[in-house]
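Novice: How does the following fold in three dimensions:
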Amino acid sequence: MTVPKGKKIYFSSDNHLGAPTQKESLPREKKFVAWLDEVKHDAAAIFLLGDLFDFWFEYKKVVPKGFTRTLGKLAEISDAGIPIYYFVGNHDLWMNGYFEEELNIPVFHKPREFFFNQTSFFIGHGDGLGPGDKGYKRMKKVFTNSFSKWIFRWLHPDLGVRLAQYMSVKNKLISGDDDAKFLGEDNEWLVQYCKRKLEENHRDYFVFGHRHLPLEIDLETNSKYINLGDWIRYYTYGVFDGEKMELKEY
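Specialist: Numbers count the residues shown, from 1 in each chain. A predicted model of the protein is given here:
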């Protein structure tokens with residue numbers, strides 16, 4: 001992808017809209033929509049790196065209620081011809097065609113490599129990558145299992161969505177407990193994952209979400225790991241101007 005002069009590529013992650021309640025997340029949603037409205041004027045593309053919603057499950061004929069402002073703004077931007085790319089996170093694993101069909105937004109379930117003006121990017125949400133976190137990796141296999149999804153789909157949406165939202169908000173990070181702390185490079189699983197990927201091929205930037213911490217870490221010469229932070233505490237996002245990538249706060 002070529003980034004024309006004066007255009008930029010934007011990256012955002014971890015809004016968790018709907019947490020802890022729709023009412024309480026509404027100011028955050030309005031702030032995010034205002035950001036989308038600003039960046040659309042010079043965006044060559046927008047990358048959303050997962051957990052836009054605190055819970056999302058697509059039944060055959062039903063999607064979760066709410067988020068009208070966000071979905072409407074994404075539709076507006078997509079209809080204007082600005083590409084938007086979505087990477088599912090651990091809270092919205094169960095996307096199955098709605099974004100593609102209704103919003104013309106491609107959805108990716110695994111990290112992908114992109115090139116912007118010959119600069120290489122490795123992009124994903126970041127959950128379940130690298131060493132450790134074995135409990136979550138086992139749970140993810142259950143969540144993504146076709147039989148598990150089939151069973152959940154048989155729950156009435158009023159029950160299934162309420163149950164999933166309750167379990168999601170139990171997560172300490174989303175409920176407001178401050179336990180998202182930088183663990184040091186040796187203990188950050190995504191840092192270790194990026195270093196292992198560099199043994200295969202060089203990438204200029206590794207861009208992830210999931211950790212809810214705005215981070216910029218040099219991995220080796222001309223390679224950097226960037227975590228986008230979140231739209232709960234930090235309101236941070238990434239921007240690539242065709243030459244360099246940096247984190248900003250809205």
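Novice: pLDDT weak spots in the chain?
Specialist: 132-144, 147-149, 152, 160, 164-179 (pLDDT under 70).
Novice: all strands for it, in order.
Specialist: 8-12, 43-48, 84-87, 107-108, 112-116, 119-123, 205-208, 214-220, 223-228, 236-240, 245-249 (DSSP state E).
Novice: helices or strands up against the fifth one?
Specialist: Counting contacts by 3 or more CB pairs under 8 Å, 6 or more residues apart in numbering; DSSP states H and E, strand 112-116 packs against strand 119-123. Using the backbone N, CA and C atoms, a C-beta is placed for each residue, glycine as well.
Novice: And the contacts of the strand it packs on?
Specialist: If you take CB atoms under 8 Å, 6 or more residues apart in numbering as the criterion, strand 119-123 is touched by 11, 47, 49, 87, 111-115, 194, 197, 202-208, 240, 243, 245.
Novice: Contacts only, for His16.
Specialist: Counted by CB under 8 Å, 6+ apart, His16 has contacts Ser25, Asp51, Phe53, Asp54, His91, Ile174, Asp230, Trp231, Ile232.
Novice: Test my guess that the fifth one contacts Asp54.
Specialist: Right, the one you point to is His91. Yes - counting by CB atoms under 8 Å, His91 touches Asp54, with 5.5 Å between them.
Novice: out of the contacts of His16, which is most surrounded?
Specialist: In terms of neighbour count, Asp51 stands highest of the contacts of His16 at 32 neighbours, by other CB atoms under 10 Å.
Novice: Identify the residue spatially nearest to that one, adjacent ones excluded.
Specialist: Setting aside the residues directly before and after it, Asp51 is nearest to Gly89 in space (CB to CB, 6 or more residues apart in numbering), at 3.5 Å.
Novice: Quickly compare the strands of the chain and say which is most buried.
Specialist: Ranked by mean neighbour count under mean count of other CB atoms under 10 Å, the strands of the chain are led by strand 205-208, which reaches a mean of 25.
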